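J.: sequence first, then the predicted structure:
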Amino acid sequence: MSDIPADVCRAPDKTGEHCPTLPRLARLPINRCNLPAVILGGLTFQRHPTRLQIDGIADLHKPLWALLDDIPETPERAERFAGYMQKHFRLQQPEDAGLSAGQTSARAKASYLRVLRGWAFDAESREAAVLKGWVESRFGLCPRHHGGPLREPGSRAWQRYVEMRAQGLRGTNALESQLDLLYAYSQYELARQFPQRTHLRLYRGVNRLSEHETVDDNHQGDKVLLLNNINSFSRSRERAGEFGDDLLAVDVPLPKLAFFSQLLPGMLRGEDEYVVIGGLYRVRRARF
């Protein structure tokens, strides 16, 4: 078992039951959303979620939400959102964002779609480092793995992660702001598509479960794990089971779904993928 640092204490949740809290080394003291990392990354949030909002995004893009409110069909909303992203961030005209002709390289044209494709191809890629850095900045949850364990800030593995993140952001056009708006749109769509739901049951296939950061284990199938700050899950038990020797079932709060496969045409379709913001989660080993 991969043990969690000793600074994990137990605090009562709303039911009075004592729950492990997010370790200090897994969180930042500040973030850019409406709840601190110690709350949104904890077990109490998994049980009793509330809305998460990245600072300023809802107000800045009010015309988009007003436009989408009047569109009843999901595919048309996705099309309008993609068009808004292209126009707002000048994705096809990077020179309009202030880049000179000599700077309009492939890096200047990097977009949220390229980040998602890179993540889907390799969760240890440069694009994945950008995505993990975005979660770290916006939600205050530190990455736990990128090409190796990230247990100590300043370690060789941590320096490699920071370098890849910087390379992924260099020469781009407000790439993290694009991800901010994509998250906000994801939450908008989840609210419209699942108006009565607070959670979705998702699955993840894993190898070497004993090496994952385990906080609590009742030895009856339930575990409390500290997950990486962003993770791939699937809504399909069968598809998830293809990716590991153990199958985990998790009830994920809708506010911690960053993106999902039905959000935009052709996005993350291969695995019916749901990209989940990390922290502490109670998980159950499921049968294949």
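T.: It's in.

J.: make it CA atoms for all contacts and neighbour counts henceforth
T.: Noted.

J.: first to last residue in stretch 26-44, what's the distance?
T.: With Cα to Cα, to the nearest Å as the measure, the ends of stretch 26-44 fall 16 Å from one another.

J.: if you average pLDDT over that stretch, what comes out?
T.: The average pLDDT for stretch 26-44 rounds to 97.

J.: then stretch 94-106?
T.: For stretch 94-106, the per-residue pLDDT averages 61.

J.: correct me if wrong: Ala26 contacts Arg144.
T.: Yes - when contacts are counted by Cα atoms under 8 Å, Ala26 is listed as touching Arg144 (7.3 Å).

J.: anything in contact with each of these two?
T.: Common neighbours of Ala26 and Arg144, counting by Cα atoms under 8 Å, 6 or more residues apart in numbering, are absent.

J.: for the protein, which spans come out with low pLDDT?
T.: 1-18, 96-109, 219, 268-271, 288 (pLDDT under 70).

J.: could you pull out the helices for the stretch 51-200 of the chain?
T.: 57-60, 62-69, 74-88, 112-121, 126-139, 156-169, 175-193 (DSSP state H, counting those that start in this stretch).

J.: ok, and the closest non-adjacent residue to the most centrally placed residue in the chain?
T.: The residue lying closest to the centre of the chain (Cα atoms, centre = their mean) is Ile277, at 3.5 Å. Spatially, and ignoring its direct neighbours in sequence, Ile277 is nearest to Ile230 (4.5 Å; Cα to Cα, 6 or more residues apart in numbering).

J.: then Ile39?
T.: Ile39 sits nearest to Phe45 (Cα to Cα, 6+ apart), 6.5 Å away.

J.: can you tell me which helices and strands the helix or strand where that neighbour lies packs against?
T.: Element membership of Phe45, judged by DSSP states H and E, is helix 43-47. Using 3 or more Cα pairs under 8 Å, 6 or more residues apart in numbering; DSSP states H and E, the elements in contact with helix 43-47 are strand 18-20, strand 246-253, strand 273-286.

J.: out of the ones you listed, which comes closest to Ile30?
T.: Of all the helices and strands packed on helix 43-47, strand 273-286 sits nearest to Ile30, with 15.3 Å by Cα to Cα.

J.: direction included, what does that closest one pair against?
T.: Here strand 273-286 has these sheet partners by DSSP bridges: strand 222-234 (antiparallel), strand 246-253 (antiparallel), strand 257-260 (antiparallel).

J.: out of these, nearest to Glu211?
T.: Of the strands paired with strand 273-286, the one closest to Glu211 (Cα to Cα) turns out to be strand 222-234, at 10.6 Å.

J.: could you give the angle of the closest one to helix 126-139?
T.: 120 degrees (axes from the mean of the first three to the mean of the last three Cα atoms, to 10 degrees).

J.: starting at the chain centroid, how far to strand 222-234?
T.: Strand 222-234 sits 11 Å away from the centroid of its parent chain (Cα atoms, centre = their mean, to the nearest Å).

J.: tally of neighbours for the closest residue to Ser232 other than its chain neighbours?
T.: With Cα to Cα, 6+ apart as the criterion, Ser232 has its nearest non-adjacent residue at 4.8 Å, and that residue is Val275. Neighbour count of Val275, defined by other Cα atoms under 10 Å: 20.

J.: could you do the one 4 residues further on as well?
T.: Burial of Gly279, expressed as a neighbour count using other Cα under 10 Å, amounts to 30.

J.: quick check: the gap between it and Met267.
T.: 24 Å.

J.: do Gln53 as well
T.: Separation of Gln53 from Met267 (Cα to Cα): 23 Å.

J.: same question for Val283.
T.: Here Val283 is placed at a distance of 26 Å from Met267 (Cα to Cα).

J.: isn't Leu225 up against Arg282?
T.: Yes - contact criterion Cα under 8 Å: Leu225 and Arg282 qualify, at 6.5 Å.
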